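K.L.:
Return atomic coordinates for the entry below.
(2 chains)
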Amino acid sequence: MPNSPSDRSAAPRRVTVQRKGPLLMEGPVEVELEDGSVVTSDRFRVALCTCRRSRRYPWCDTSHRDRA
Amino acid sequence: MEHEGPRLPAPRGPLSRGVDAHLRGAGRLPRLEDVARAEVYGEDLQLALYLCYELHYRGFEGVPAEREWDPGLLRVRAAMEQRFLSALRTDAHVHDSVDEALAGLLVEPVEGTGVSHFLRDEGELWQVREYAAQRSLYHLKEADPHAWVLPRLWGRAKAAMAAVEFDEWGGGRADRVHASLFADLMTDLGLDPTYGRYLDAASAEALVTVNMMSLFGLHRALRGALVGHFATVEITSSPGSRRLAEAMRRTGAGPAAEHFYDEHVEADAVHEQVVRHDVIGGLLEREPHLAPDVAFGIDATEFVEERFGTRLLADWRASRSSLRAPLAPEAAHTS
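P.N.:
Here you go, the predicted model:
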């Protein structure tokens, strides 16, 4: 796994959190899941599910929305 | 160049006949009195307007590209637009604030009754094919009407809008352009993916949805409405696309048809966030006076989509085609 300081950009990577809704970060992103598998997304921004209701976990699919 | 566009569709009344004749160089433009008399959401006015707008996209076979800026045609178009816009402002306006207008979109109905619910639960393949044919007017130029707004935005709003558009256009990869993914869906469904192929078949209600995007996109004065409209499309797309993906799976539409909507579930969950926070947020930070227009764009989109859905469901529940010309039976496909 590339992990030396020279591999990293000097600027910190910003992650946007919200009380309701996904965690937003700049892509591309690799996510390691509990079972050790790794999924990737190369979108310019990635929305990570925080409500755990997504059917496309770890990606947000708007399942956090209220239902009425 | 003149011969690359789609064929001109058959006129549907005096306005579209006049515009059609003018484009062919074979007759007089409609009179402004005719514009004043026409039914504003009707087949004739909406097709005439669609013809005018299409000159800004790909044009029509045999029509010189210079017609795009023909002053006589622009005068007639302006009269039709004026009627269309004032009708939308009267009929669609519901919310006074952007937050109120958005709040309704961010709640999912437990028992929805829209077209995507119908197609998921009981849609048949012929209905799925009709839906795709009607929607092809937009999806084969997906995200194009919204590109007009880019030079009218600045800073955060511009950067975010450009990023979402870049994603819509495949992020630099031609095979991922959403319009080409939709062409693949059409092929799966045994439809002809040629641009403009189903313009003759599309109902007035479908033309209205696309004309509204072109109206908002082409006028700098309506940049707020365009942004509100775009936000509505992105916010409603993710759950709607999930239902449509299920409809594609259930009816055995094919892998490309499923992929088109699966891609939109995930892409638009991101776009929605970016459009709400950075496009709307960025625009209103610089131009707070546009808030009522953003709300209008949201409400107008709901209004025209609702009309389109109501018409489709009314036809389908009566076992009638929603199209003006029936589709050829589906050729057997090999998926």
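K.L.:
so what's residue 23 up against?
P.N.:
If you meant another chain, say so; for now it's chain A. A:15, A:16, A:17, A:47, A:48, A:50 (C-beta atoms under 8 Å, 6 or more residues apart in numbering or on different chains). Using the backbone N, CA and C atoms, a C-beta is placed for each residue, glycine as well.
K.L.:
nope, chain B please
P.N.:
Residue B:23 sits in contact with B:8, B:51, B:60, B:63, B:67, B:73, where contact means C-beta under 8 Å, 6+ apart.
K.L.:
shaky segments in the chain?
P.N.:
Just going to use chain A. For chain A, the stretches with pLDDT under 70 are A:1-9.
K.L.:
Correction: the question concerned chain B.
P.N.:
Residues of chain B that meet the criterion pLDDT under 70 lie in B:1-3, B:331-335.
K.L.:
which one of the contacts of residue A:23 is nearest chain B?
P.N.:
Proximity of the contacts of residue A:23 to chain B, judged by C-beta to the nearest C-beta, is greatest for residue A:47, which lies at 4.6 Å.
K.L.:
which SSE is that closest one in?
P.N.:
Secondary-structure assignment from DSSP states H and E places residue A:47 in strand A:45-48.
K.L.:
ok, and what's touching the next helix or strand after that strand?
P.N.:
Heading C-terminal from strand A:45-48, the first helix or strand you meet, by DSSP H and E, is strand A:66-67. Taking contacts as C-beta under 8 Å, 6+ apart, the residues outside strand A:66-67 that touch it are B:106, B:107, B:108, B:109, B:110.
K.L.:
mind redoing it with 10 Å?
P.N.:
The set of residues external to strand A:66-67 that reach it, using C-beta atoms under 10 Å, 6 or more residues apart in numbering or on different chains, is A:20, B:103, B:106, B:107, B:108, B:109, B:110, B:111, B:112.
K.L.:
What pairs with that strand, parallel or antiparallel?
P.N.:
Strand A:66-67 has the following sheet partners, assigned by DSSP bridges: strand B:107-108 (parallel).
K.L.:
OK, contacts around the most centrally placed residue in chain A?
P.N.:
Taking C-alpha atoms, centre = their mean, the centroid of chain A lies closest to residue A:48, which sits 3.5 Å from it. Applying C-beta under 10 Å, 6+ apart, we find residue A:48 in contact with A:15, A:17, A:22-25, A:29, A:31, A:41, A:54, A:57-60.
K.L.:
before we move on, what about residue B:45?
P.N.:
When contacts are counted by C-beta under 10 Å, 6+ apart, residue B:45 touches B:12-16, B:30, B:34-35, B:37-39, B:79-80, B:83-84, B:87, B:204, B:207-208, B:211.
K.L.:
if you set the cut-off to 7 Å instead, what comes out?
P.N.:
Shown here is residue B:45, whose contacts under the criterion C-beta atoms under 7 Å, 6 or more residues apart in numbering or on different chains are B:15, B:38, B:39, B:80.
K.L.:
do the same with residue B:291
P.N.:
Applying C-beta under 7 Å, 6+ apart to residue B:291 gives the contacts B:97, B:98, B:284.
K.L.:
Hmm, the first one is touching residue B:292, no?
P.N.:
No: using C-beta atoms under 7 Å, residue B:97 makes no contact with residue B:292, being 8.4 Å away.
K.L.:
Quick check on those two: which one has the bigger neighbour count.
P.N.:
The residue with more neighbours, out of residue B:97 and residue B:292 and counting by other C-beta atoms under 10 Å in any protein chain shown, is residue B:292; that gives 17 against 12.
K.L.:
Secondary structure element holding the more buried one?
P.N.:
Residue B:292 is part of helix B:291-317, with elements assigned from DSSP H and E.
K.L.:
And residue A:30, by the same measure?
P.N.:
According to DSSP H and E, residue A:30 maps onto strand A:29-32.
K.L.:
Near chain A, which residues of the stretch 1-150 of chain B are found?
P.N.:
Selection of the stretch 1-150 of chain B residues close to chain A by C-beta under 7 Å from any C-beta of the partner chain yields B:106, B:107, B:108, B:109, B:110.
K.L.:
Beta-bridge partners for the second one, please?
P.N.:
Per DSSP bridges, the residues bridged to residue B:107 are residue A:66.
K.L.:
which among the contacts of strand A:66-67 gets closest to residue A:65?
P.N.:
The shortest distance between residue A:65 and any of these, using C-beta to C-beta, involves residue B:108 and amounts to 4.9 Å.
K.L.:
sorry, back to before: who does the strand holding residue A:30 pair up with?
P.N.:
Partner strands for strand A:29-32, per DSSP bridges, with pairing direction: strand A:38-41 (antiparallel).
K.L.:
Noted, bye for now.
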